[in-house]
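Q: coords below, sequence missing:
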């Protein structure tokens, strides 16, 4: 367990963005109709948003960031940090945060860097950014989190293709004395690196003759080494083993009660996993566990802010809310947080 | 622990699309109509939720029938 707290920082606003293009899993011709129906019923994923070839991950973060700055009436010269969390950056190099620093018109003295995390990335990103702001030397920061996961999935891989949707997000944080403490519990286990992996293209294997060759793995699963591989059973076991324990530790260490938490916003992995986690945590009130997965699929690092925008805008805009956020997946990497949100700005969902 | 027959009935109830009285303790669960890897996840979720036992990929590979699954669960509950 790595239980840590951050003081003097509050979240001011959140925006999320999805592509306009809708893919309906009922139309996924690669598998039979009964298989499609079982998939939708089990994973909860009926529709996903898929970015077109021209739209990058940073595009899906730029729009909410720009609109959030406007809505909060932030002076761009006051933004001291911009962090991008993604595993589908616009380029291998340079990082996407630096590109967005310029595109958003932020000052040159703004810190800008990327963090390479997926499904756990929003919680980690909140921790890193709030830490940078908590001393008060840097005052305002943007956390940009998103993925264009569909760029790496193989159409002929039924174990990955119908799961993922694309999305981006922006979260504005600010130094604020006496803000309520944020609590985090963050963990890692790299022994699970092979459960979710894109094997070729990096410095380990580079691009080889067979990088783009489609290979039959099992019935219905055909992909190349450049594609995302996902081992559903291993991930399920990882989630059941680690996620409820991580959240319980967080509540014990923070001496908070789960009954005082308004909502539990989990990474939208798939409904079967998330419901199993919910049951293990003995959260019986299902209205406290919102889902956006039905419409947007697994949107990787963006799934938590996207769910907050699509499912909790009314509550977050008008009331003080205590949320438990929990991300888990690729790495393995996972973490949870208890954070108070006090009438924050929630942008309407942006479509590009 | 419940009987293998009761275990079979409860598991069969998880497979909503499967016709009643077609799954028995000695049914090879991979022979279920329209079997797909999604069923493996449903089995894992069912066993976790009801018996607090986690099946891994090896447990699934080494089992054929519903009775085999039941025996693994019994073993792990010890």
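A: Looks like it came in fine. All figures in this text were calculated on a predicted structure; none of them were measured in a lab. Numbering: from 1, shown residues only, chains lettered A, B, ... in the order given.
Q: So, low pLDDT: which residues of chain B?
A: Scanning chain B for pLDDT under 70 picks out no residues.
Q: If we look just around chain A, which residues of it are in range?
A: Counting by C-beta under 8 Å from any C-beta of the partner chain, chain B comes close to chain A at B:16-17, B:34, B:36-38, B:40-42, B:44-45, B:48-49, B:54-57, B:60. Glycine gets a C-beta too; all of them are placed from N, C-alpha and C.
Q: run the last query once more with 7 Å
A: Where proximity means C-beta under 7 Å from any C-beta of the partner chain, the interface of chain B facing chain A comprises B:17, B:34, B:36-38, B:40-42, B:44-45, B:48-49, B:54, B:56-57, B:60.
Q: what's the closest of the residues you listed to residue B:8?
A: Of all these, residue B:42 has the smallest distance to residue B:8: 14.5 Å, by C-beta to C-beta.
Q: count of neighbours near the closest one?
A: Here the count is done by other C-beta atoms under 10 Å in any protein chain shown, and residue B:42 has 18 residues near it.
Q: Would you show me how to pick out the buried ones of the residues of chain B next to chain A in ChimeraX?
A: Only the buried entries of the residues of chain B next to chain A go into this ChimeraX selection, using 16 or more other C-beta atoms under 10 Å in any protein chain shown:
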select /B:36,37,38,40,41,42,44,45,48,60
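Q: Could you tell me which of the residues of chain B next to chain A belong to helices?
A: Among the residues of chain B next to chain A, the residues falling in helices (DSSP state H) are B:37-38, B:40-42, B:44-45, B:48-49, B:57, B:60.
Q: which residues of the stretch 51-200 of chain A fall in strands?
A: Residue ranges of the strands in the stretch 51-200 of chain A, as given by DSSP state E, counting those that start in this stretch, are A:79-85, A:111-115, A:140-147, A:167-175, A:182-188, A:196-198.
Q: Now render the ones you listed as a markdown table, adding distance to chain B.
A: Converted to a markdown table, the strands of the stretch 51-200 of chain A look like this (distance: least, C-beta to the nearest C-beta, whole Å):
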| stretch | distance to chain B |
| --- | --- |
| strand A:79-85 | 27 |
| strand A:111-115 | 30 |
| strand A:140-147 | 23 |
| strand A:167-175 | 24 |
| strand A:182-188 | 18 |
| strand A:196-198 | 15 |
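Q: Can you add mean pLDDT, mean neighbour count and distance to residue A:269 and give those strands back as TSV?
A: Shown next, in TSV, are the strands of the stretch 51-200 of chain A (pLDDT from 0 to 100; neighbours: other C-beta atoms under 10 Å in any protein chain shown; distance: least, C-beta to C-beta, whole Å):
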stretch	mean pLDDT	mean neighbour count	distance to residue A:269
strand A:79-85	98	25	17
strand A:111-115	98	18	20
strand A:140-147	98	30	14
strand A:167-175	98	28	14
strand A:182-188	98	21	16
strand A:196-198	96	19	11
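Q: so which of those comes closest to residue A:95?
A: Nearest to residue A:95, of all the strands of the stretch 51-200 of chain A, is strand A:111-115, at 3.8 Å by C-beta to C-beta.
Q: now that closest one, how far from the centre of its chain.
A: 16 Å (C-alpha atoms, centre = their mean, to the nearest Å).
Q: Contacts for that strand, please.
A: A:80-86, A:89, A:95-98, A:101, A:121, A:124-125, A:128 (C-beta atoms under 7 Å, 6 or more residues apart in numbering or on different chains).
Q: Same question for stretch A:213-229.
A: Under the criterion C-beta under 7 Å, 6+ apart, residues A:31, A:152-154, A:156-160, A:197-201, A:210-212 lie in contact with stretch A:213-229.
Q: now do 6 Å
A: Contact with stretch A:213-229 is made by A:152-154, A:156-160, A:197-201, A:211-212, as judged by C-beta atoms under 6 Å, 6 or more residues apart in numbering or on different chains.
Q: closest to residue A:172 among those?
A: When the contacts of stretch A:213-229 are compared against residue A:172 (criterion: C-beta to C-beta), the nearest one is residue A:152, at 29.2 Å.
Q: Spatially nearest residue to that closest one (excluding sequence neighbours)?
A: residue A:228 (4.3 Å; C-beta to C-beta, 6 or more residues apart in numbering or on different chains).
Q: how close does that neighbour get to chain B?
A: 16 Å (C-beta to the nearest C-beta, to the nearest Å).
Q: pLDDT score assigned to residue A:222?
A: Per-residue pLDDT puts residue A:222 at 95.
Q: How about it: what's its closest non-neighbour residue?
A: With sequence-adjacent residues excluded and distances taken as C-beta to C-beta, 6+ apart, residue A:222 is closest to residue A:156, at 4.0 Å.
Q: what about the closest residue to residue A:20 other than its chain neighbours, how many neighbours?
A: Distances taken as C-beta to C-beta, 6+ apart put residue A:351 closest to residue A:20, at 4.8 Å, once the chain neighbours are dropped. Counted with other C-beta under 10 Å, residues neighbouring residue A:351 total 11.
Q: okay, which residue of chain A is out on the far edge from center?
A: Distance from the centre of chain A peaks at residue A:209, with 33.0 Å (C-alpha atoms, centre = their mean).
Q: So it belongs to a helix, correct?
A: No - according to DSSP: H, G, I helix; E, B strand; the rest coil, residue A:209 belongs to no helix; its state is coil.
Q: residue contacts, the residue most central in space within chain A?
A: Closest to where the C-alpha atoms of chain A average out (C-alpha atoms, centre = their mean) is residue A:301, at 1.7 Å. Listed by C-beta under 6 Å, 6+ apart, the contact set of residue A:301 reads A:85, A:118, A:121-122, A:145, A:147.
Q: can you do 10 Å?
A: Counting by C-beta atoms under 10 Å, 6 or more residues apart in numbering or on different chains, residue A:301 touches A:57, A:84-88, A:115, A:117-125, A:144-147, A:149, A:167-169, A:267, A:327, A:329-330.
Q: what's the answer for residue A:290, then?
A: Here residue A:290 is in contact with A:263-266, A:268, A:307-308, A:310-312, A:315 (C-beta under 10 Å, 6+ apart).
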